[in-house]
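>>> here are the coordinates; sequence isn't available:
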């Protein structure tokens, strides 16, 4: 019988496979950042252990760093200590670090793909749940805890139980004016916030094949918001074209060898999944979350749900979410006003995201009382955007233009949403307190966030008079 | 790691679905570089308002302030992979969590920190919520060796746990050390395994 893509990657990385024990899986790439690593390095020091493969380990700082002026020292003393600790750890253990001065610094899930380090068939881990992003390349990539970070540092392996497999076949084409973000939010909305717990998802079908690499990353990024261990998309010509010529991608004969191997990375026709579902791309509309988890999402032209109409077992959690969000039942989404707009995060901060947002913004100005910021996912994205003049479009429209980092997605630095302020955010989580204490987050695509910034409330971006940007590949 | 054998104590009911790790330990407390000091910030936004305890929150009430067992709803621990969540729970004194389901990464992190996450069917969890509500000071005894949960009122349930995870908790095993014992096999694997990138910066 045939094998799924997941199974193929799994088998290629099995170091030890014994009955009644978790398998020992080899890790090809370990990404490290400042927040979830210090205790792991401390563990190594206590036991007098080394990092087994510093050459397969890459560190950057992204979570707790400021996105304003980088020439000043970090004001937050505890954050500064954490960042300095990463510098010390990388120096002591011989790990390559992209620090705040590096031209390659950025969100860990943005930099590895853009440098061609993320490749098909790899196993990739990081102490960050959005490691699922890298699954867009057909790599088995997932988030781990700090104890596991220590395990990978010391052994370059991880003890793992095999997951169940879930195929999501996305049929048809995404309608004009809808995005990869709308697609993944629609899927989570339909099946629920914990639907895929225990599974590795493989996204398949025409609509997935038509996505660019950056769009595929947006889809895989949010696999964790369904509870999945990982999300995968089989590599194809789009993947190979994206990787070719990237800084760390193989060259010459190595490239050919890699390509031969990568082309074997798809699910065999006679393979079966533990669960398979079909999803109709044609029904996707621009999505906005109304609640406090990513599954609480509706189309822009829908109204906020009314708990009175729902069964008893759902009523209370929905009432609680509406109460936190300060929304009355049945409110049309288009009437919901925003105070802040955040374009950024490992979900939507890549060059295509910024181009699309800039196309919406161009020639307009941010609404009165709305604060809007754009935080590129990496310094390379920032540089590219500036070369295309996107920064000027945002700045002239009244947006702030920042340095790369996680920023307001989780507000570990001072990029926060205030109590009871409402934020249209291109990030991945609308949990209570995520962007700040009592902050109200609405997850949307970059286009929807940009339009909300201009209008001051949510609008259907399909009706937006988007301009063609000269010189930009929009 | 703290080993785990049996735990007997009060069951604190946290009646919410999808409790995420941002709620368990908010981001502003993740900047510490130590493994300790997180218990005081557990459920911070739910436990405190302007630095004062919120009297209505379950863990601020007696007899739940020192409860070692937490009863909750589905998908507990969803979201961020932060191990600070089990660190905070453990330091606060929580040793067992009962729920119909757990998020994957959190579930995994518990076993590394001496916390036993127990999955019980939704109707059993519902019945436990009722017992906690109607029987003040309701206690349970959890025995990992026999994989059983018992109450003085005759309540009884058994639970599943992977043999390796059971051993991990019972013995407080050093996992890294155990893997390093098979280092030869890792070396052997590496000799025939190809990675197609070089961090040539």
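Everything's here; your move. This structure is a prediction, so every number in the text was calculated from the model and none was measured. Numbers count the residues shown, from 1 in each chain, chains lettered A, B, ... in the order given.
>>> residues near residue A:321, how many?
Applying other Cβ atoms under 10 Å in any protein chain shown, we find 22 other residues in the vicinity of residue A:321. Backbone N, C-alpha and C define where each C-beta goes, glycine included.
>>> by residue count, which helix of chain B is the longest?
Using DSSP state H to define each element, chain B has its longest helix at helix B:122-134.
>>> list the buried residues of that helix.
For helix B:122-134, a neighbour-count test (16 or more other Cβ atoms under 10 Å in any protein chain shown) marks B:124, B:125, B:128, B:129, B:131, B:132 as buried.
>>> tabulate these (TSV), appending pLDDT and distance to chain A.
As requested, the buried residues of helix B:122-134 are exported to TSV (pLDDT from 0 to 100; distance: Cβ to the nearest Cβ, whole Å):
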residue	pLDDT	distance to chain A
B:124	98	16
B:125	98	12
B:128	98	16
B:129	98	12
B:131	97	19
B:132	97	17
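>>> what's the single longest strand found in chain A packed up against?
Longest strand of chain A, by residue count under DSSP state E: strand A:164-171. Counting contacts by 3 or more Cβ pairs under 8 Å, 6 or more residues apart in numbering or on different chains; DSSP states H and E, strand A:164-171 packs against helix A:180-191, strand A:199-204, helix A:206-209, strand A:275-280.
>>> correct me if wrong: residue A:220 contacts residue A:131.
No - in this structure, residue A:220 is not within contact of residue A:131 by Cβ atoms under 8 Å, at 9.7 Å.
>>> what residues are shared contacts of these two?
Here residue A:220 and residue A:131 have residue A:141 as joint contacts, going by Cβ atoms under 8 Å, 6 or more residues apart in numbering or on different chains.
>>> distance of residue A:459 relative to residue A:294?
The spacing between residue A:459 and residue A:294, counted by Cβ to Cβ, to the nearest Å, is 21 Å.
>>> nope, residue A:84 is what I meant
Look at residue A:84 and residue A:294: by Cβ to Cβ, they are 34 Å apart.
>>> follow-up on the earlier one: what's the helix or strand just after the longest helix of chain B packed up against?
Moving toward the C-terminus from helix B:122-134, the next helix or strand (DSSP states H and E) is strand B:139-143. Applying 3+ Cβ pairs under 8 Å, 6+ apart, we find strand B:139-143 packed against strand B:6-14, strand B:96-99, strand B:148-151.
>>> tell me, how many residues neighbour the spatially closest residue to residue B:3 that is not a sequence neighbour?
Nearest residue to residue B:3 in three dimensions, chain neighbours excluded: residue B:172, at 3.6 Å (Cβ to Cβ, 6 or more residues apart in numbering or on different chains). For residue B:172, the neighbour count with other Cβ under 10 Å is 12.
>>> on that earlier part again, please identify the deepest-packed of the helices and strands packed on strand A:164-171.
Burial among the helices and strands packed on strand A:164-171, expressed as mean neighbours by mean count of other Cβ atoms under 10 Å in any protein chain shown, is greatest for strand A:199-204, which shows a mean of 26.
>>> which residues belonging to stretch A:255-272 are considered buried?
A:255, A:258, A:259, A:262, A:265, A:266, A:267, A:271.
>>> what of stretch B:37-46?
If you call a residue buried by 16+ other Cβ under 10 Å, then stretch B:37-46 has these buried ones: B:38, B:41, B:42, B:43, B:44, B:45, B:46.
>>> so where is the chain shaky, pLDDT-wise?
Just so you know, I chose chain A. By pLDDT under 70, the low-scoring segments of chain A are A:467-474.
>>> chain B was what I was after
Where chain B drops to pLDDT under 70, the residues are B:1.
>>> would you map the helices across it?
Secondary structure of chain B by DSSP H: the helices cover B:21-24, B:44-47, B:84-92, B:104-111, B:122-134, B:163-171, B:175-180, B:183-192.
>>> quick one: is the fourth one near chain A?
Read that as helix B:104-111. Yes - using Cβ under 8 Å from any Cβ of the partner chain, helix B:104-111 reaches chain A at B:104, B:105, B:108, B:109.
>>> the last one is in contact with residue B:84, isn't it?
Yep, that's residue B:109 we're talking about. No - Residue B:109 is beyond contact range of residue B:84, at 9.4 Å (criterion: Cβ under 8 Å).
>>> hmm, residue A:255 is touching residue A:244, no?
Yes - counting by Cβ under 8 Å, residue A:244 is a contact partner of residue A:255 at 7.2 Å.
>>> how deep is residue 86 tucked in, by neighbour count?
As the question left the chain open, I've gone with chain A. Using other Cβ under 10 Å, residue A:86 is surrounded by 24 other residues.
>>> the chain in question should be chain B.
30.
>>> nearest spatial neighbour of it, chain-adjacent residues omitted?
Leaving aside its sequence neighbours, residue B:86 sits nearest to residue B:113 (Cβ to Cβ, 6+ apart; 4.3 Å).
>>> and for that neighbour, the neighbour number?
Per other Cβ under 10 Å, the neighbour tally for residue B:113 reads 22.
>>> name the nearest residue to residue B:167, sequence neighbours excluded.
Distances taken as Cβ to Cβ, 6+ apart place residue B:173 nearest to residue B:167, at 6.6 Å, with adjacent residues excluded.
>>> other SSEs contacting the longest helix of chain B?
strand B:6-14, strand B:69-72, strand B:96-99.
>>> okay, those strands in JSON lines with mean neighbour count and distance to residue A:399 next?
JSON lines is the format used below for the helices and strands packed on helix B:122-134 (neighbours: other Cβ atoms under 10 Å in any protein chain shown; distance: least, Cβ to Cβ, whole Å):
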{"stretch": "strand B:6-14", "mean neighbour count": "19", "distance to residue A:399": "40"}
{"stretch": "strand B:69-72", "mean neighbour count": "25", "distance to residue A:399": "41"}
{"stretch": "strand B:96-99", "mean neighbour count": "24", "distance to residue A:399": "42"}
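>>> now the angle from the helix or strand hosting residue A:43 to helix B:84-92?
Element membership of residue A:43, judged by DSSP H and E, is helix A:38-47. Per axes from the mean of the first three to the mean of the last three Cα atoms, to 10 degrees, the angle that helix A:38-47 makes with helix B:84-92 is 70 degrees.
>>> which residues are contacting helix A:38-47?
So helix A:38-47 is contacted by A:49-51, A:82, A:85-86, A:89, A:92-93, A:127, A:146-147, A:149-150, A:153-154, B:33-35, B:83, B:174, B:176-177 (Cβ under 8 Å, 6+ apart).
>>> filter those residues to the buried ones?
Buried among the contacts of helix A:38-47 (16+ other Cβ under 10 Å): A:49, A:51, A:82, A:85-86, A:89, A:93, A:127, A:146-147, A:149-150, A:153-154, B:33, B:35, B:83, B:176.
>>> residue A:423 contacts residue A:336, correct?
No - taking contacts as Cβ under 8 Å, residue A:423 lies outside contact range of residue A:336: 11.3 Å.
>>> common neighbours of those two, please.
Listed as contacting both residue A:423 and residue A:336 by Cβ under 8 Å, 6+ apart are residue A:442.
>>> more crowded one of those two?
Of the pair residue A:423 and residue A:336, residue A:423 is the one with more neighbours under other Cβ under 10 Å, namely 29 against 20.
>>> list the neighbouring strands of the strand or helix carrying the more buried one plus their orientation.
Using DSSP H and E, residue A:423 falls within strand A:422-425. When pairs are called by DSSP bridges, strand A:422-425 turns out to pair with strand A:340-343 (parallel), strand A:440-443 (parallel).
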